[in-house]
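Visitor: Provided below for reference: sequence and predicted model.
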Amino acid sequence: MPVEEFVAGWISGAAGLVLGHPFDTVKLLGFFKGMSFPIASIAVVNSVLFGVYSNALLLLTATSHQERRAQPPSYMHIFLAGCTGGFLQAYCLAPFDLIKVRLQNQTEPRAQPGSPRPRYKGPMHCAASIFQEEGPRGLFRGAWALTLRDTPTMGIYFITYEGLCHQYTPEGQNPSSATVLVAGGFAGIASWVAATPLDVIKSRMQMDGLRYKVYRGMLDCMVSSVRQEGLGVFFRGLTINSARAFPVNAVTFLSYEYLLRWWG
Ligand SMILES: CN(C)C(=N)NCCC[C@H](N)C(=O)O
């Protein structure tokens with residue numbers, strides 16, 4: 001099994017993350033301490049996504065990353081490989097994403113005397129508290145919504161990227177840096193447009209159970225969110241998600257492509 005895609009996925013995910021971190025922090029008007037935790041989590045998640053995607057394509061088409069420029073896979077194969085990568089990465093992402101959402105939603109001021117203390121002191125304390133208070137399954141709260149969010153959207157992500165690269169690159173050649181940047185940026189936006197409705201539900205499910213339980217399940221969360229806030233609830237955060245997605249994914253794909261060309 002080729003492993004360079006896993007390593008390239010790790011490094012390119014970290015590069016995208018450094019760009020996206022400020023957007024991630026303002027998204028929920030909270031705070032997210034330090035970069036070490038997100039870098040550790042992106043190591044696992046992005047390398048699983050890119051590594052599984054590339055190896056699934058290898059299984060489906062019997063072509064390596066280098067051979068795929070001369071023999072492009074069908075869009076159906078790209079979609080299936082993307083969905084497989086998205087499905088497996090969602091399970092790896094679930095505990096990290098839960099901790100991130102809990103920390104970002106923690107808005108108690110930290111330094112003011114007399115104000116309530118933040119519930120979690122940091123990512124490790126957050127993980128340990130969830131484990132103690134909600135059990136091991138608590139760490140996977142919202143994992144279903146995350147899987148539903150990421151499985152099809154990762155298919156869309158890779159189809160958009162490969163489709164745009166194919167459109168603007170002469171037969172058999174590697175796409176130029178400008179093409180990779182634009183295709184990567186639009187792939188990020190397309191995936192977030194598709195993902196935002198379930199992203200809203202996922203975050204609500206992950207916050208549920210913190211003080212008391214509000215929702216009976218994902219469907220209940222969807223129905224009561226629409227009843228209370230209207231259909232617009234599904235598009236909450238779409239603008240910031242898209243603004244963040246373009247630079248993050250442009251840089252992610254550029255570094256991924258160049259690392260693989262460099263090693264290949
Ligand atoms: C849930 N969705 C839409 C995605 N994960 N899309 C792929 C982009 C991944 C990239 N690390 C990012 O955070 O934009």
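Guide: Yep, that arrived.
Visitor: in the stretch 51-200 of the chain, which spans are helices?
Guide: 75-104, 123-134, 143-167, 177-207 (DSSP state H, counting those that start in this stretch).
Visitor: and of those helices, who's closest to the ligand?
Guide: Across those, the ligand has its closest neighbour in helix 177-207 (3.4 Å, CB to the nearest ligand atom). C-beta: built from backbone N, CA, C; applies to glycine.
Visitor: sorry, back to before: can you put the helices of the stretch 51-200 of the chain in JSON lines and add mean pLDDT and mean neighbour count?
Guide: As requested, the helices of the stretch 51-200 of the chain are exported to JSON lines (pLDDT from 0 to 100; neighbours: other CB atoms under 10 Å):
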{"stretch": "helix 75-104", "mean pLDDT": "93", "mean neighbour count": "21"}
{"stretch": "helix 123-134", "mean pLDDT": "91", "mean neighbour count": "15"}
{"stretch": "helix 143-167", "mean pLDDT": "95", "mean neighbour count": "22"}
{"stretch": "helix 177-207", "mean pLDDT": "93", "mean neighbour count": "22"}
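Visitor: reformat those helices as JSON lines; add distance to the ligand.
Guide: JSON lines is the format used below for those (distance: least, CB to the nearest ligand atom, whole Å):
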{"stretch": "helix 75-104", "distance to the ligand": "8"}
{"stretch": "helix 123-134", "distance to the ligand": "18"}
{"stretch": "helix 143-167", "distance to the ligand": "4"}
{"stretch": "helix 177-207", "distance to the ligand": "3"}
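Visitor: nearest to Trp262, out of those?
Guide: Trp262 lies closest, by CB to CB, to one member of these: helix 177-207, at 13.3 Å.
Visitor: okay, now Leu49: neighbour count?
Guide: Leu49 is flanked by 29 other residues according to other CB atoms under 10 Å.
Visitor: residues touching Ser64, list them.
Guide: Listed by CB atoms under 8 Å, 6 or more residues apart in numbering, the contact partners of Ser64 are 2, 58.
Visitor: give me phi/psi at it?
Guide: Main-chain torsions, Ser64, degrees, to the nearest 10: phi -90, psi 170.
Visitor: return the distance of it relative to Phe140.
Guide: According to CB to CB, to the nearest Å, Ser64 and Phe140 sit 34 Å apart.
Visitor: what does Gly163 give?
Guide: Counting by CB to CB, the gap from Gly163 to Phe140 is 33 Å.
Visitor: likewise Arg244?
Guide: Distance of Arg244 to Phe140, computed by CB to CB: 25 Å.
Visitor: of these two, which one has the most company?
Guide: Per other CB under 10 Å, whichever of Arg244 and Phe140 has more neighbours is Arg244, with 23 against 17.
Visitor: check which helix or strand covers that one.
Guide: Element membership for Arg244 (DSSP states H and E) is helix 238-263.
Visitor: which elements pack onto that helix?
Guide: helix 4-27, helix 177-207 (3 or more CB pairs under 8 Å, 6 or more residues apart in numbering; DSSP states H and E).
Visitor: reformat those as TSV; add distance to Gly82.
Guide: TSV is the format used below for these (distance: least, CB to CB, whole Å):
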stretch	distance to Gly82
helix 4-27	13
helix 177-207	9
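Visitor: out of the ones you listed, which is closest to Arg216?
Guide: So among these, helix 177-207 is nearest, using CB to CB, at 10.9 Å.
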